[in-house]
Each structure stands twice: as structure tokens, then as C-alpha cells.
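*Asks:* Below are the sequence and a predicted model for it; my questions follow.
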2 protein chains.
Amino acid sequence: MALVVQKYGGTSVGSIDRIRNVARRCLESQRKGNDVVVIVSAMSGETNRLLGLAHQVTALPDAREMDAIAATGEQVSAALTALAIQELGGKARSLLGHQVKILTDGAFTKARIKTIEGSRIFSTLKDGEIAVVAGFQGANERGDITTLGRGGSDTSAVAVAAAIGADACEIYTDVDGVYTTDPNICPSAKKIARISFEEMLELASLGAKVLQIRSVEIAMKYNVPIHVRSSFSEIEGTWVTGEDKALEQVVVAGVAYDKNEARVSIIGMSDKPTAVADLFGSIAEKNISVDMIIQNVSRGAEDRTDITFTVPKTDLAHAKPEIEAIAKGNLGAKEVRYDDDVVKVSIVGLGMRSHAGIAAKMFRLLASEGIAIQAISTSEIKVSCLVPAKYTELAVRALHDGFGLGDK
Amino acid sequence: MALVVQKYGGTSVGSIDRIRNVARRCLESQRKGNDVVVIVSAMSGETNRLLGLAHQVTALPDAREMDAIAATGEQVSAALTALAIQELGGKARSLLGHQVKILTDGAFTKARIKTIEGSRIFSTLKDGEIAVVAGFQGANERGDITTLGRGGSDTSAVAVAAAIGADACEIYTDVDGVYTTDPNICPSAKKIARISFEEMLELASLGAKVLQIRSVEIAMKYNVPIHVRSSFSEIEGTWVTGEDKALEQVVVAGVAYDKNEARVSIIGMSDKPTAVADLFGSIAEKNISVDMIIQNVSRGAEDRTDITFTVPKTDLAHAKPEIEAIAKGNLGAKEVRYDDDVVKVSIVGLGMRSHAGIAAKMFRLLASEGIAIQAISTSEIKVSCLVPAKYTELAVRALHDGFGLGDK
């Protein structure tokens, strides 16, 4: 007998038949003796349809009204799911964000959850009912409807699980778990049985398709075990848990790649102490987030240095004028080079902390395939290398198999 | 400078273009110096689409979940209307039933409004914003979403107007007012400029297409003047107001007809005192409402009588077994006759109260066309005759023109 939160994404509730399937799974879990709370997304395509209506009215819709419109998607799917459970002979109630008192801040379209009151959920469970909570939504202190941003239903699920002290939060999706790398480019990729919150956060790009990364932060904070699994099969998926629960610490848990970054190199710039601060201050003011930053040591008497960093590809055009102005002006740089044909390849693993030479092995594996590394950055449990995009598959496969992830 | 409530039905907000038109009208009214509160229905067809989804899940959907689903239609149209007003440079806020605190009882799908708190509307107006309220919906004391039944947006509008003390409640629809009779069957029908609440209630069948009759009851109770008009033109529609405001009391204000009744005649039944009570008690238990009831005097020593009454056509099949059982059993009736090929034709007018001979004139007008009257019922401001359905047009035209309604 456990208290279980189950979350079903848009694909899992994408049709009436699929909603019936969800209802069956909820009831199965209840029949095993569990108290079941279900969080649902909008039926797939519905959120886009609703936002499309708003965009037909105006190019720049007001965020508060957008949220009022978008939240109806989950309202409908939650009520349909409750009906489907009832149709199968079960007892269920749909509950909306403001009814569960999911209190958020007032940042419409990207609200953050402040508190969740469990009482309405508990009284529903006490009546022997399955509580079907509309995901993605909450309400601010005025009672205005807010939404939590894309993938917000995962966040709803984990936050509700934390608030009611659930034993586990099951995230049902259309894939059967988190893989050691993208199976589409590396056929030997394997499903990970158990991974730590920290690793999951660093593997964001692998997990993004199955699990909203913000929800992992909440799960880590409140130590809510997440079970990512397929809504179309019965097999176990991937458990994302606290470190202490991991059965063994593998050195490298997964290989991630990210093609959304572009490289900027400023060559021969002034090495005066304020230069770097000026540069990144100006970029930050444009609300552009910089990822990898590598500064070479100054070249002798010249007092000149090179700096390389990455920005999101989509922001590059927007950032260029600013970068040019500062580089050529204040920094007195010789030239600025751009390259958006790059990929960031990363290895992630808790075991790295106690194993020396992991980064060196990564560089060797890439070098043995003749792949030139353009930039390197490291964290405690992650090493990332920027390489030309054409080597994406080659690099990922070399690292994946080189670190033994493809073995049984 | 007035406080005005405007209500737009499903056809008026049936497309993005029409929502823009609504936004323009709201802003026009605001620019004239009015404080404007707008109530909108769901986009036409949307409520049926949503309920259709529920019916795909289950043949008998739970009423609470139905309401949660149906209410999203108005939530979307209210937010889209607010966006359209903003797009035209105005200020607007959408407000939901539970945000305006439209408190209802717990009768899902046909809830009754108990109280409305005006404070959120007033604070919105104070900010110079147009308050766009989702029609058709409220919330019960637990915070569950309730809906007010078909045409409930009219009820929302009048109830909100009453709660905030509005100077008028404008009901925008796709016709330009209430007519002296149905223009489709009587070409000389004229738009009524002003009519009393009482007459409007008795003319329910004429008004049903333009105005939910329940909303007229609320308007009468709180003395809220209603202005029924077209959302597609600028011309004045029909004012429905308190009696004292009527410019003149016409004898007959309108001619209505109702084809939804079926006649039941029980012939040669026992005349014992409890017979009639037993009969209608049993029918009432089946939740079937009886309209006209005519009992003939007993025929001499036989102690036998005939009774005629009407029930809704849709309930006839359901009521027949009950009626047969009682008539042949307890009442010892000779036979029961049914006729669903009838129409109830009514004349309505406040002036009747002070004018003798109106009913007699009605009977003469019908007789002069050779129309046999099957049953008669009267109220203080209404006379109704049941006649064969084939005479519908003939009867309506004879009465309409006979009472001078077609004249200038």
C-alpha cells in the first residue's frame, strides 16, 4: 500500500482510446492497494490549437489571457480521464490547479510553484476516489490562472508528489525510459535502470524528451523518487532517485549531445582586467545565456588574449551586433569568428568524482577518431567537448562504447 | 455615463472575426463613457464539441465532470475577447465564474445562482478595464465548477447586472429583437420596442430563441432593464422592462405558439374525489410536467367525467404506460386518447387585465377561420387554445392581424 502519483503526457491522453488506457492503468494501481493521484497533460496538439486561436487574435497576446486559454486543455483532459475511470467502474474526481490550491507566483506562462495544499487531494483519496489533477496549471494569490511553461505537467506531478509525501512519482510517456545516449544515433544505447537526480540534471538533453528538467530539481530538493516509463507497456522504466539509493555508482552514466549552441571566438583582444566582465555583462543585458567559456592565457608581452564561448544558436543573430561592437571597440580585438556548425558532446556520471583520468580518456577516445576538440568545459560530474557538428554520431558512439555503456 | 452589462451569444463570438466585432462594440460603449462588463458564451458549436468528447468516453457522463469540461468553452471565448479588446488598444481582463465568485448551488449542469460578489468586477472597472466574464458558469461552495444549463449565459448576464446594480443589461444575439409573433410564419410580424417582464415570461416560446426565460425572472425580481438587440447592426432592439416603464399598455403584445405539447384525453373516468389527485400525482412522480388541464363537469347520474391535459411531446412515450395503468385501473376509464398533432396558440398582454372580452374575441377569430378549439386555458395576461397542428399558420395570422399587431 503506497501513495503514488502518476503523470500522463499529451501523447498518453492523445485520444479517447488512449484516455481509456490511462484509466485502466490508474485502476490497476488502485486495485493493488495504492492511493492514486493522476496528473494529466492536455491531449496532444490541443495546447498548440488553443495558443493558435490566441495568435489569430493578436500577434503578441497578453500572458495572463494566454494562460486562461491554455489551461483549458488540461481541464478537459482531466475531466475526461475522470469520466473514463468512472466508466470502468472506478471512482474518480478531476481537480483543477486552483482547486488543489497550487499557489504560484504571478509570472504568467512560466509561473513557479510556491505552495500546494494537499487537503483536497487527501479528502478525495479518503473517499476511495482517484484524484485526477490538471497538470501545467496553478493560480496566483489573486486567483488568476497561471501555467508553468512547457512540460509543466511534469513539474506539477513532482510538486504534488512532494506536497503530499508520495512514495513515488511515475512519469508515463511514449518512450520506456532514459537511455545511455540517443538510440537514434547510437544503436547500442541501453535503457538506464537507475540514475541519480544529479546525473539526470546533467543529462538534460537526453532527458528533455521524457522528463522536464525543472521537475528533476524539485524531485531532488524533496527527494521524490521518479519512475519514467512507457504508458503503452508494462515493463519497468528508469528510476531517478537520490544518490544513496543508486545500487552502484557507474563512472559514466550517459552520453549527451547538444546541437543548439553556436561558438564565438574573439581573437587578439585586450587583456585588461575589466574586459571579460564588460563583454559578458553586455551579452547578459540582452538576456542571452552563455554556456561554455574558455579563455586562453595571455600571449606574452602583447597583453593580448583569445576568448571562446557558446551562445544558443537561436540567439546568435540577435547577439552579433552587440558582440561586434564591444569586440572591435572596447576590447580592441583583431577579429571575431563564429561557427554554428558545432555540437557539444558530454559524458556524465557520479563516479567521475572518485575516478581520475576520465576526461583524459574522453579526449583520447575523440582523438583516436580524428576528432578535433574546439573547446572543453567540466563540472564535477560532467565533461563537455565542443566538436564540429559533422562528427556528432562518430563522437557519441566512440564515447558511448569506449566507456562501456553498450555492454550488458 | 452608465454601468452597462453586455452579453454576446455563441453566434456573436462564433469566429475570430466576430470576436473582433464584439471587441469593437465593447470599446464603443466604453468610449461613450460607460463602464462596461461583457458576458460571453462559448464560440458556437464549441459546447457541443466538448460534450461530444465526454459522450465518447461514456454514455452517461457524471454531471460534475461534464461541467468542468463544458465551462472551458466560455473560458476560452472570454480570454479571446479580452485579447481582441487589447489588440484594438483597449484594456480588458477575462474573469471566470469562480473568480467573480458566482456562487451557485451544487446542481451540476443546471445550477442556480445564490450570490455574486461584485468586488473583482468593480476593481477591474476601476482600473479602466473592460471586465469580460465567462458566461454559463459558476462555482459551488466547495469550489467545484458548475454550469447554469442551456442559455445560461443570459442568466449570468442578468444576475451579474443585478449584483453590480447595472443600469441596463444588453443581450446581443443574431436577431434584432423580440417580435409580435414568429416572422417565419406571419410576414406582418413586427419588432416590439418595449415589453414588460411579465409579458416576456408568458411569451416564452417567442422569446426562447433570443432570451433565456430564466434570465427574465431574475431581471424582473431585481428590476434590471434588458435590451435584446443584434450584434450585427446598430439599430435598437427590444427593451424588456418593469411594467411602470412601459409607454402604453397594449391589450395584446404578442401571439405565441408551441408545438411541443401532446394532448391526452381520458374518457369516462370515475369522478371520485381522489381520482384526479392520483392521476397527476403518478405523472409528477415520473418528473413529467403537465401544462393545460381541462376537466369537464360530471355527466349526471353516471358519476363519470372526461379529463384532458397536455404533456411535452418528448415525454409522451415515457408517460403512456403510467397513464394507461391508472386510467384503466384505478380510474375505471373507458378509453384514453392521445393526439400529438396539436399546437398551443396563445395571446399575451398586460392590457387584458383591464379589457373584457379578449378571450371571446380570440375564440371568434379562430372560429371564423373554421378552427376547432380542443382545449382552453387562461392566466391573468394570457389566453391559450389547443388546436390541430395543421392550423398553426392560419391561427397565428388570424390572431396577429385580428388584434391589430400587424399595423403600424
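*Replies:* Received, thanks. Numbers count the residues shown, from 1 in each chain, chains lettered A, B, ... in the order given.

*Asks:* got any ranges where chain A has weak pLDDT?
*Replies:* When residues are selected by pLDDT under 70, those of chain A lie in A:205-208, A:244-249, A:297-302, A:408.

*Asks:* For A:His400, see how far away the residue nearest the centre of chain A is.
*Replies:* Nearest to the geometric centre of chain A sits A:Ile213, at 2.8 Å (Cα atoms, centre = their mean). According to Cβ to Cβ, to the nearest Å, A:Ile213 and A:His400 sit 21 Å apart. Every C-beta, even on glycine, is put in place using the N, C-alpha and C of the backbone.

*Asks:* what do you get for A:Leu350?
*Replies:* Using Cβ to Cβ, we find A:Leu350 at a distance of 18 Å from A:His400.

*Asks:* neighbour-wise, which of those two wins?
*Replies:* Ranked by neighbour count (other Cβ atoms under 10 Å in any protein chain shown), A:Leu350 and A:His400 place A:His400 first, with 26 against 20.

*Asks:* Which parts of the strand or helix carrying that one count as buried, going by neighbours?
*Replies:* Element membership for A:His400, per DSSP states H and E: helix A:392-402. Burial within helix A:392-402, assessed by neighbour count using 16 or more other Cβ atoms under 10 Å in any protein chain shown, is assigned to A:Thr392, A:Leu394, A:Ala395, A:Val396, A:Arg397, A:Ala398, A:Leu399, A:His400, A:Asp401, A:Gly402.

*Asks:* hey, what's the closest residue to A:Asp176 other than its chain neighbours bridged with?
*Replies:* For A:Asp176, ignoring the flanking residues on the chain, the nearest one in space by Cβ to Cβ, 6 or more residues apart in numbering or on different chains is A:Ser230 at 4.0 Å. Residues in a beta bridge with A:Ser230, per DSSP bridges, are A:Thr173.

*Asks:* Return the residues in contact with A:Ser230.
*Replies:* With contact taken as Cβ atoms under 8 Å, 6 or more residues apart in numbering or on different chains, A:Ser230 is in contact with A:Tyr172, A:Thr173, A:Asp174, A:Val175, A:Asp176, A:Gly177, A:Gly237.

*Asks:* Closest one to chain B out of the residues you listed, please.
*Replies:* Here the nearest of these to chain B, counting by Cβ to the nearest Cβ, is A:Tyr172; it sits at 18.8 Å.

*Asks:* What is the burial count for A:Ala107?
*Replies:* Neighbour count of A:Ala107, defined by other Cβ under 10 Å: 15.

*Asks:* Which secondary structure element is home to A:Ala79?
*Replies:* Using DSSP H and E, the element containing A:Ala79 is helix A:63-87.

*Asks:* Do any residues in that helix lie close to chain B?
*Replies:* Yes - judged by Cβ under 8 Å from any Cβ of the partner chain, helix A:63-87 comes into contact with chain B through A:64-66, A:68-69, A:71-72, A:75-76, A:78-80, A:82-84, A:86-87.

*Asks:* Run a quick check on A:Asn223 versus A:Gly242, I expect a contact.
*Replies:* Yes - at 5.2 Å, A:Asn223 counts as touching A:Gly242 under the criterion of Cβ atoms under 8 Å.

*Asks:* So which bits of chain A are right by chain B?
*Replies:* Residues of chain A lying near chain B (Cβ under 8 Å from any Cβ): A:16, A:19-20, A:50, A:53-54, A:56-58, A:61-62, A:64-66, A:68-69, A:71-72, A:75-76, A:78-80, A:82-84, A:86-87, A:93-94, A:96, A:98-99, A:143-145.

*Asks:* Can you name the next helix or strand after the helix holding A:Ala79?
*Replies:* Downstream of helix A:63-87, the first helix or strand assigned by DSSP H and E is strand A:92-95.

*Asks:* List of residues touching that following strand?
*Replies:* By Cβ under 8 Å, 6+ apart, strand A:92-95 touches A:23, A:26, A:75, A:78-79, A:81-83, A:85-86, A:120-121, A:124, A:129-134, B:64-65, B:68.

*Asks:* Parallel or antiparallel, which strands does that strand pair with?
*Replies:* Using DSSP bridges, the strands paired with strand A:92-95 are strand A:130-134 (parallel).

*Asks:* Can you pull out the residues in contact with the partner strand?
*Replies:* So strand A:130-134 is contacted by A:26-27, A:30, A:36-40, A:71, A:74-75, A:77-79, A:81-82, A:85, A:90-97, A:100, A:120-121, A:124-125, A:156, A:160 (Cβ under 8 Å, 6+ apart).

*Asks:* just to revisit the earlier point, not counting sequence-adjacent ones, nearest residue to the residue nearest to the centre of chain A?
*Replies:* Counting by Cβ to Cβ, 6+ apart, A:Ile213 lies nearest to A:Ala204, which is 4.7 Å off, once chain neighbours are set aside.

*Asks:* all strands for the stretch 251-400 of chain A, in order.
*Replies:* Here the stretch 251-400 of chain A has its strands, by DSSP state E, counting those that start in this stretch, at A:254-258, A:261-270, A:293-295, A:304-312, A:335-339, A:342-348, A:375-379, A:382-388.
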